[in-house]
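Asker: need the 3D shape of this:
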Amino acid sequence: MTSNSVYFTEDMHGFIEKVISPFDGEAQTFATIANEGEIKDQNFKFRLTINIENIENFINDKELTAKATGYIESPLFGGRREVQDGVFNLFVESKVSKDFDSIKEMHYTFQFSNEFNETFNFYAFKNIHKQDISNMWKDTTTLYTQIFKDGSRETPVYAGILRLNLKDFTKQMMTLNSNSKSCLDRIHSIYKFMNVFAENLWEAYTPELFNPEKHDWDEHIFPVHTSKGVSNADVTHYHVDTEDGLTIQVDRFKRSECRDIVVLIHGLSNSTDMFIMPEHYNLVQFLNNNEYTDVFSIDWRGSGRHKYNYIPNEYTFDHIVKYDLPAAFQRIREELPENTNIHVIAHCIGSVAMSAALSSEMVSGIKSFISNSVSFTPQVHKIAKFKLKVAPFFLDNIFRYPYLSPQIPYMPGNSFAKWLSIFQSLVRRECKEPACHMASFMWGWGFPAPFEHKNLHPLTHKRIKDLFGATTTYYYRHISKMIKNRESVPFHREKDFYHLPESYLQNLVNVELPPTLLVSGNKNKIFPLSNKLSFEEIKKISPNQNIDYREIEGYGHQDIFIGQHAAEDIFPTFINFLNKNRA
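Answerer: Modelled structure (predicted):
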């Protein structure tokens, strides 16, 4: 040990049991397996000495890494066995726990061999819950344990829970010491260790209100707008200028030439990012792997990637219909052979705009169209309807705030919107992610509103502030008008928009849609059953339209695309529809 080292010994005891696949990694699953191990008296314990060789290097290490030596003891592995290559991380960003409210983890990693010289990898974590000091004892004394064989990290052969009881905790504190030469130096080294320990707990457990200067706005799990979720494809970015003076973006993910290409259109304040998420099997990768090897995505003016959404503007869906989509599709066609078939998959407000563009014939020549959540007949919960009526007036005229965004809770300062986000976090108990609270405030009515929590990957939940950007209030005003009219209509049919039809829905009497699949989750809390209503209304006014409706069990609004199991539950439905309508 070096002269400014810190060390302590930790004993933990519990029960483990063999894992029967599949293993989902949920806390309850660990508990169930541990209970089975206890019934069979399959005990497991370890004694580890945690050695911080240099306290200065330790506190400047982002992952607070130390060495771990000692032994495990269990009848399942031949009694007492020596630990090898042990590593301890005091606090790291949450990346293993399936708990949405996990903010930090303590990691224990080492190898050991049984009496037959078979090698096992021990990988365990303690889960620190966000802003819940009542859980501190449980969080810091409960170790979720996985044991893998032969270097694999896919499915553990054993799992369970180890615990630190009060007696062992007291012993552990008695072993906390330092090898520093003088008594004062030892005290100083131990103080530094305890200080970094306490600072991390304070940061985890105290509400945002007491951490006003915490710099969360520039912390990202993945690089912002990363394309690392798409492999084996060439990525190209096209900047497209619109007639009214904006620049939008079209991204292309091309693996090989394809007669049938797919164009993706995101929702308001989302972006192409929702289709290329690295944390799970995403839509672009799924399309590329299923013979749709050339995929485009349009970041229209409402994209979270565009900084002009952070300043006041009066854009409505009609701007998207007249300026964005025609320009984007023209640019896409310039890159393709003339005989290429174009299929479109659109979400939320992107779907409303694409539906209106087809009805007004601002976009034509589409081979097939998949619309998620809402298209020609937006409808919302009565509380969401009230919010749409009053929020734009108060934001624009009373508080004079230019935009709303789930990123607001992470911004510095104490603006009105920051206090609004704090209020949302006080009244919403479904999770402790303030960006999730703000997204639910901005859209629909539910706890949460945009998705079903159970459908999200924990990393997705933690990066909501990166997946949703800013929006101004005129889109809300336009939605409110459509809801009042009970159908999709232009905001103002004057000047540049005079040529648009009086009703995008009613104009379907004069226009033939491409083969269209309307989709919605049965737990949609943003536009509940709007696409079902659209299907029924279209069939009334234009019964010969080639349309179908599909309701997805157990899904909401956004999770149709960003759900961690969407590739299993939903995307095959998209592929089947596309295949029916391809060349």
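
Asker: shaky segments in the protein?
Answerer: 1-3, 207-217, 414-416 (pLDDT under 70).

Asker: and the longest helix along it, what other elements does it pack with?
Answerer: Using DSSP state H, we find that the single longest helix of the chain is helix 183-205. Applying 3 or more Cβ pairs under 8 Å, 6 or more residues apart in numbering; DSSP states H and E, one finds that helix 183-205 contacts strand 6-18, helix 55-59, strand 84-93, strand 102-113, strand 119-129, helix 136-141, strand 177-178. Every residue, glycine included, has its C-beta placed from N, CA and C.

Asker: do that again at 7 Å, thanks
Answerer: Applying 3 or more Cβ pairs under 7 Å, 6 or more residues apart in numbering; DSSP states H and E, we find helix 183-205 packed against strand 6-18, helix 55-59, strand 102-113, strand 177-178.

Asker: and the angle for the first one with strand 102-113?
Answerer: When you say that, I think you mean strand 6-18. Relative orientation of strand 6-18 versus strand 102-113 (axes from the mean of the first three to the mean of the last three Cα atoms, to 10 degrees): 80 degrees.

Asker: ok, and what's touching strand 6-18?
Answerer: By Cβ atoms under 7 Å, 6 or more residues apart in numbering, the residues outside strand 6-18 that reach it are 1, 33-34, 36-38, 40, 42-52, 55, 143, 145, 147, 157-164, 168, 171-172, 175-178, 189-190, 193.

Asker: that strand to strand 119-129, inter-axis angle?
Answerer: Using the same axes, to 10 degrees: strand 6-18 against strand 119-129 is 110 degrees.

Asker: so how far is the following helix or strand past strand 6-18 off the chain centroid?
Answerer: Counting by DSSP states H and E, the next helix or strand C-terminal to strand 6-18 is helix 27-39. Centroid separation for helix 27-39 versus its chain: 29 Å, with Cα atoms, centre = their mean, to the nearest Å.

Asker: what is the helix or strand following helix 27-39 packed up against?
Answerer: Using DSSP H and E, the helix or strand that follows helix 27-39 towards the C-terminus is strand 43-52. Strand 43-52 is packed against strand 6-18, strand 65-74, with contacts defined by 3+ Cβ pairs under 7 Å, 6+ apart.

Asker: got the helices and strands packed on helix 183-205 as a markdown table, with distance to Leu358 and mean neighbour count columns?
Answerer: Below are the helices and strands packed on helix 183-205 laid out as a markdown table (distance: least, Cβ to Cβ, whole Å; neighbours: other Cβ atoms under 10 Å):
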| stretch | distance to Leu358 | mean neighbour count |
| --- | --- | --- |
| strand 6-18 | 56 | 21 |
| helix 55-59 | 59 | 16 |
| strand 102-113 | 44 | 20 |
| strand 177-178 | 72 | 19 |
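
Asker: out of the ones you listed, nearest to Ser373?
Answerer: If you check each of these against Ser373 by Cβ to Cβ, strand 102-113 wins as the nearest, at 29.3 Å.

Asker: partners of that closest one, with directions?
Answerer: strand 84-93 (antiparallel), strand 119-129 (antiparallel) (DSSP bridges).

Asker: distance to Ser405 and mean neighbour count for those - can I get that in TSV?
Answerer: Converted to TSV, those look like this (distance: least, Cβ to Cβ, whole Å; neighbours: other Cβ under 10 Å):
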stretch	distance to Ser405	mean neighbour count
strand 84-93	23	17
strand 119-129	26	21
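
Asker: among those strands, which is nearest Thr29?
Answerer: Of the strands paired with strand 102-113, nearest to Thr29 by Cβ to Cβ is strand 119-129, at 13.3 Å.

Asker: what residues does the longest helix of the chain touch?
Answerer: So helix 183-205 is contacted by 4, 6, 52, 55, 59, 64, 90-91, 103-104, 128, 130-133, 136, 176, 178, 180, 211 (Cβ under 7 Å, 6+ apart).

Asker: rerun at 6 Å
Answerer: Asn4, Val6, Ile55, Ile59, Phe91, Ile103, Lys104, Ile128, Ile133, Ser178, Ser180 (Cβ atoms under 6 Å, 6 or more residues apart in numbering).

Asker: so the residue nearest the centre of the chain, which state does it fall into?
Answerer: With distances taken as Cα atoms, centre = their mean, the chain has Thr460 as the residue nearest its mean C-alpha position (1.9 Å). What DSSP: H, G, I helix; E, B strand; the rest coil gives for Thr460 is helix.

Asker: could I get the full set of strands for the stretch 401-550 of the chain?
Answerer: 516-521, 547-552 (DSSP state E, counting those that start in this stretch).

Asker: out of those strands, flag the one nearest Phe399.
Answerer: Phe399 lies closest, by Cβ to Cβ, to one member of the strands of the stretch 401-550 of the chain: strand 516-521, at 32.9 Å.

Asker: could you export that closest one as CSV, CA atoms only?
Answerer: The C-alpha coordinates for strand 516-521 follow below in CSV (Å, rounded to 0.1, in the frame of the first residue of the first chain):
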residue,chain,number,x,y,z
THR,A,516,-52.5,3.2,-45.4
LEU,A,517,-52.1,1.5,-42.1
LEU,A,518,-53.3,3.5,-39.1
VAL,A,519,-51.7,2.3,-35.8
SER,A,520,-52.2,3.2,-32.2
GLY,A,521,-51.4,1.7,-28.8
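
Asker: dump the strands of the stretch 401-550 of the chain to TSV, plus mean neighbour count and distance to Ser360.
Answerer: Converted to TSV, those look like this (neighbours: other Cβ atoms under 10 Å; distance: least, Cβ to Cβ, whole Å):
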stretch	mean neighbour count	distance to Ser360
strand 516-521	26	16
strand 547-552	17	18
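
Asker: may I have the phi/psi pair for the nearest residue to Phe571 once chain neighbours are set aside?
Answerer: Spatially, and ignoring its direct neighbours in sequence, Phe571 is nearest to Phe286 (4.7 Å; Cβ to Cβ, 6 or more residues apart in numbering). Main-chain dihedrals, Phe286, degrees, to the nearest 10: phi -60, psi -40.

Asker: domains in this structure, by residue range?
Answerer: 6-206, 234-379+489-580, 382-467 (automatic domain parsing).

Asker: distance to Glu219 added to these, as TSV?
Answerer: What follows is the domains of the chain, written out as TSV (distance: least, Cβ to Cβ, whole Å):
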stretch	distance to Glu219
domain 6-206	9
domain 234-379+489-580	16
domain 382-467	8
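
Asker: of those domains, which stretch is the most buried?
Answerer: When these are scored by mean count of other Cβ atoms under 10 Å, the highest mean neighbour count falls to domain 234-379+489-580 (a mean of 20).

Asker: switch the strands paired with strand 102-113 over to a markdown table; also include distance to Pro448.
Answerer: As requested, the strands paired with strand 102-113 are exported to a markdown table (distance: least, Cβ to Cβ, whole Å):
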| stretch | distance to Pro448 |
| --- | --- |
| strand 84-93 | 22 |
| strand 119-129 | 18 |
